[in-house]
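Chemist: Model the following, please.
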Amino acid sequence: MKERIDRVLGRIVSLCRRPTVLIVLAALYGATCVGGWVSHAKELDDRAERLWRALHQADTELAATAAKLGGPVPRANARRNGPCAGVDWCFPLLPGVLIADSYYVTGRLSGEGGVKIIVYWRLGSRELTTLWGWIS
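Modeler: Model (predicted):
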């Protein structure tokens, strides 16, 4: 067993001595970090905008119904200035796999955020799981 582990470690060390392998790995990690950050931020913005529009529409319909019935107009749930979304930080775990802290808020008691594992590829990204987070 010890010989097998030594052989595997020897292969890893010999790969790391080749500058081409290190340059390719550095490029993959860099592309994952930058591309994944941009892709995940855009995905969050799109999701927050979709949810905010639905919340704003519900607020508008509720206010119209209250005015029609002559009752008090309820307080709006949607944020006045639109949704707020962002990525606080991200770090590549493997090429194509990120860990990121991100959030979005669409209104009063309407938001989500936390640390997530994200898979990134050239055309987009997908959240695999939330490690820990918050929901309001």
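Chemist: pLDDT averaged over the lengthiest helix in the chain, what's the number?
Modeler: Counting by DSSP state H, the longest helix found in the chain is helix 19-69. Here helix 19-69 scores 89 as its mean pLDDT.
Chemist: What residues sit buried inside stretch 112-119?
Modeler: 112-113, 115-116, 118 (16 or more other C-beta atoms under 10 Å). All C-beta atoms are positioned from the backbone trio N, CA, C, and that covers glycine.
Chemist: Arg75: which of those is nearest?
Modeler: Closest to Arg75 out of the buried residues of stretch 112-119 is Glu112 (21.3 Å), distances taken as C-beta to C-beta.
Chemist: Spatially nearest residue to the most centrally placed residue in the chain, not counting backbone neighbours?
Modeler: Nearest residue to the geometric centre of the chain (C-alpha atoms, centre = their mean): His40, 4.5 Å. Distances taken as C-beta to C-beta, 6 or more residues apart in numbering place Ser125 nearest to His40, at 4.9 Å, with adjacent residues excluded.
Chemist: Can you give the strand pairings for the strand or helix carrying that neighbour, parallel or anti for each?
Modeler: Using DSSP states H and E, Ser125 sits in strand 124-135. Strand pairing for strand 124-135, using DSSP bridges, gives strand 110-121 (antiparallel).
Chemist: Go ahead and name everything in contact with the strand it pairs with.
Modeler: 32, 35-36, 39-40, 51, 55, 77-78, 90, 93, 96-105, 125-136 (C-beta atoms under 8 Å, 6 or more residues apart in numbering).
Chemist: Any of these buried? List them.
Modeler: Using 16+ other C-beta under 10 Å, the buried ones in these are 32, 35-36, 39-40, 51, 55, 78, 90, 96, 98, 100-105, 125.
Chemist: This completes my enquiry, with thanks.
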